[in-house]
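Visitor: Task: produce atomic coordinates for the following.
(one chain, ligands or ions: 1)
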Amino acid sequence: MNTNNNYEESSRVELLRRARTAAGKAYAPYSQFRVGAAVRTASGEVYIGVNMENRSYGLTICAERGALQSAVADGHTRFSEIAVVCPDAAQPTPPCGACRQVLSEFMHADALVHFAGGNPEDVVSTTISGIYPYDSLHHLRDNA
Ligand code: THU
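Guide: As a prediction, the model looks like this:
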């Protein structure tokens, strides 16, 4: 295994760990479905987010968008990798459609995406283009 793979593996493990820990702080009294996200900036920092529900259900904010918002508020607009953990799910659960669109705003098509449910051993790893193919923004960039 080369150095690059070691870096990628340790980055993935750290993001999944941070996302799982963050999920413990989710505010999800209505769905009882906790979500934690950890995103890595292009410069290597990690920001976390959790889902934050509201009694007016439609105002709920997903964990992925919470993590991005926190990072953007600190001046980051490029991200290389994200992990999403739903500890209450039986299977790995990918980001919702709205979050896929928002993630694609700040992440390249080949940026890494990992998602897991209650079992930390069961992780799906893919890319932004894997969860959000034929994205217009990436298409425009790639053909510029
Ligand atoms: N949720 C997220 O935080 N991220 C997703 O990608 C999917 C859904 C939250 C919203 C809501 O609080 C709960 O999970 C159930 O849908």
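
Visitor: can you list the residues of this protein near the ligand?
Guide: Contacts of the chain with the ligand, taken as C-beta under 6 Å from any ligand atom, map to 28, 31, 33, 35, 51, 53, 60, 62-64, 95-96, 99. Using the backbone N, CA and C atoms, a C-beta is placed for each residue, glycine as well.

Visitor: want to try TSV for those, with neighbour count as columns?
Guide: Shown next, in TSV, are the residues of the chain next to the ligand (neighbours: other C-beta atoms under 10 Å):
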residue	neighbour count
Ala28	17
Ser31	13
Phe33	15
Val35	29
Asn51	23
Glu53	18
Thr60	14
Cys62	21
Ala63	29
Glu64	28
Pro95	23
Cys96	14
Cys99	22
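
Visitor: Helices of the chain, residue ranges please.
Guide: 3-23, 63-73, 97-106, 128-131, 136-142 (DSSP state H).

Visitor: can I get these in CSV with mean pLDDT and distance to Ala89?
Guide: Formatted as CSV, those follow (pLDDT from 0 to 100; distance: least, C-beta to C-beta, whole Å):
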stretch, mean pLDDT, distance to Ala89
helix 3-23, 93, 10
helix 63-73, 98, 12
helix 97-106, 97, 15
helix 128-131, 98, 16
helix 136-142, 80, 28
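
Visitor: For the residues of the chain next to the ligand, work out which two are farthest apart.
Guide: Glu53 and Pro95 (16.7 Å; C-beta to C-beta).

Visitor: by contact count, what packs against the longest strand seen in the chain?
Guide: Secondary structure of the chain per DSSP state E: the longest strand is strand 107-116. Contacting strand 107-116 under the criterion 3 or more C-beta pairs under 8 Å, 6 or more residues apart in numbering; DSSP states H and E are the following elements: helix 3-23, strand 79-85, strand 123-127, helix 128-131, helix 136-142.

Visitor: The third one - contacts with which helices or strands?
Guide: What that stands for is strand 123-127. Partner elements for strand 123-127 (3+ C-beta pairs under 8 Å, 6+ apart): helix 3-23, strand 107-116.
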